[in-house]
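1. next one to model:
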Amino acid sequence: MSPDLALHGAALPGPTGLPASLSGLTRTLVMGVVNVTPDSFSDGGDFLDADAAIAHGLALVADGADLVDIGGESTRPGAARVDAAEELRRVLPVVRALAAEGVVVSIDTMRASVAAETLGAGAALVNDVSGGQADDAMARVVADAGTPYVVMHWRGHSADMASRAVYADVVTEVVDELRGRLDALSAAGVDLDRVVVDPGLGFAKDAGHNWSLLAHLDRLHVLGRPLLVGASRKGFLGQLLAGGDGVPRPAAAREDATTAVSVLAAAAGVWAVRVHEARATRDAVAVVAAARAATSDQWAAL
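-> Residues are numbered from 1 along each chain as shown. Sure, this is the predicted structure:
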């Protein structure tokens, strides 16, 4: 896809059911990350305290995040699971406080019980990295709530997902597997107009798989659903930026590369990008939106 065509093609509209503040926006949205965990790959422990997490969520919004994704369980490669009670203990006060401040909150969870409790506390959408596969009850929770639902491509839990990174054609297989998930969720009563799909960069994928998906994001539009891309600070960026000694660049030093991926994603028409820091990405998606508008004006004049 040429740059001109990428910029000329507008992003798919967001899912139905979003708060009014996010409806009708023509640029790619910025989803800020708040990990209320001790073991996330990038910022584990930084925001485990509820007050710190709440302050960080508000800071992300001040820096331009359109919504904030709250997670209480790390999904980094090799991470062990926590039980539902602990996950809920971590996230519930943060969700409640941020929602009370008018922040649009997404809950990052694979558990139906956590989704139900946090939706009741003010969360506006559910971001499920398992796409409903980790908890069979999730489909019913999101269907009954009528909430927007992010469905990620997933092949298994963090403890062993690296062994599942085997593909003959990663783009085709991710599209096909996501299509299967959409069919299953629809059969379970989920309104697909409320669904966003995520190719799952880094989840059962190596660096080459991630780059292939980023290079062919346009092919995911065949699913007819808005796209979310989460590449922020991930290991494949650290590998790309490794020094002469071959040591990957540390997670906190991958922000410029993250912003570059946000540009690629916005140019490919994704609905939202998920990032740890909001300001640079918000500027980047504004630039892409302005270039797209100018390109559209040029085409309209032909």
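2. what about the spatially closest residue to Ala52 that is not a sequence neighbour, distance to Val33?
-> Excluding the flanking residues, the one nearest Ala52 by Cβ to Cβ, 6 or more residues apart in numbering is Asp46, at 7.0 Å. For every residue, glycine as well, the C-beta is placed using N, CA and C. According to Cβ to Cβ, to the nearest Å, Asp46 and Val33 sit 11 Å apart.
3. more neighbours: the two, which one.
-> For the pair Asp46 and Val33, the greater number of neighbours falls to Val33 (26 against 17), based on other Cβ atoms under 10 Å.
4. so after the strand or helix carrying the more buried one, what's the next helix or strand?
-> Assigned by DSSP states H and E, Val33 belongs to strand 29-35. Using DSSP H and E, the helix or strand that follows strand 29-35 in sequence is helix 50-62.
5. okay, the angle between that next one and strand 29-35?
-> 160 degrees (axes from the mean of the first three to the mean of the last three Cα atoms, to 10 degrees).
6. quick one: contacts of the helix or strand just after helix 50-62?
-> Following helix 50-62 in sequence order, the next helix or strand is strand 67-71 (DSSP H and E). Here strand 67-71 makes contact (Cβ atoms under 8 Å, 6 or more residues apart in numbering) with 22, 29-37, 40, 53, 57, 60-61, 91, 94-95, 98, 103-109, 118, 123-125, 127, 272, 274.
7. make it 6 Å
-> 31-35, 57, 60, 91, 94-95, 103-108, 127 (Cβ atoms under 6 Å, 6 or more residues apart in numbering).
8. and what of stretch 14-30?
-> Against stretch 14-30 from outside (Cβ under 6 Å, 6+ apart): 11, 64-66, 104, 124, 146, 148, 193-194, 196, 226, 266, 270-272, 278, 281-282, 285, 289.
9. which residue ranges form the helices in the protein?
-> Along the chain, counting by DSSP state H, helices occupy 3-8, 50-62, 84-100, 112-120, 138-145, 170-187, 207-215, 235-240, 255-267, 279-300.
10. for the fourth one, packing partners?
-> Under the contact criterion of 3 or more Cβ pairs under 6 Å, 6 or more residues apart in numbering; DSSP states H and E, the helices and strands touching helix 112-120 comprise helix 84-100, helix 138-145.
11. let me have these in CSV, extended by mean pLDDT and distance to Val171.
-> Formatted as CSV, the helices and strands packed on helix 112-120 follow (pLDDT from 0 to 100; distance: least, Cβ to Cβ, whole Å):
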stretch, mean pLDDT, distance to Val171
helix 84-100, 96, 32
helix 138-145, 98, 26
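12. what's the closest of those to Val247?
-> helix 84-100 (31.7 Å; Cβ to Cβ).
13. for that closest one, buried residues please.
-> Across helix 84-100, burial judged by 16 or more other Cβ atoms under 10 Å covers 84, 87-88, 90-99.
14. then it to PDB, C-alphas only?
-> Presented in PDB, the C-alpha positions along helix 84-100 are these (Å, rounded to 0.1, in the frame of the first residue of the first chain):
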ATOM      1  CA  ALA A  84      -9.500 -13.000  40.400                       C
ATOM      2  CA  ALA A  85      -9.700 -11.500  43.900                       C
ATOM      3  CA  GLU A  86      -6.300 -10.000  43.700                       C
ATOM      4  CA  GLU A  87      -6.800  -8.700  40.100                       C
ATOM      5  CA  LEU A  88     -10.000  -7.000  41.300                       C
ATOM      6  CA  ARG A  89      -8.400  -5.600  44.400                       C
ATOM      7  CA  ARG A  90      -5.800  -3.900  42.200                       C
ATOM      8  CA  VAL A  91      -8.100  -2.400  39.600                       C
ATOM      9  CA  LEU A  92     -11.400  -1.600  41.100                       C
ATOM     10  CA  PRO A  93     -10.500   1.500  43.100                       C
ATOM     11  CA  VAL A  94      -8.600   2.800  40.100                       C
ATOM     12  CA  VAL A  95     -11.400   2.300  37.700                       C
ATOM     13  CA  ARG A  96     -13.900   3.800  40.100                       C
ATOM     14  CA  ALA A  97     -11.800   6.900  40.800                       C
ATOM     15  CA  LEU A  98     -10.900   7.600  37.200                       C
ATOM     16  CA  ALA A  99     -14.500   7.100  35.900                       C
ATOM     17  CA  ALA A 100     -15.700   9.500  38.600                       C
END
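15. quick check: angle from it to strand 67-71?
-> Going by the same axes, to 10 degrees, helix 84-100 makes 160 degrees with strand 67-71.
16. return the distance of helix 84-100 from the chain's centre.
-> 19 Å (Cα atoms, centre = their mean, to the nearest Å).
17. list the helices and strands it packs on?
-> Against helix 84-100 (3+ Cβ pairs under 6 Å, 6+ apart) you get helix 50-62, strand 67-71, strand 105-108, helix 112-120.
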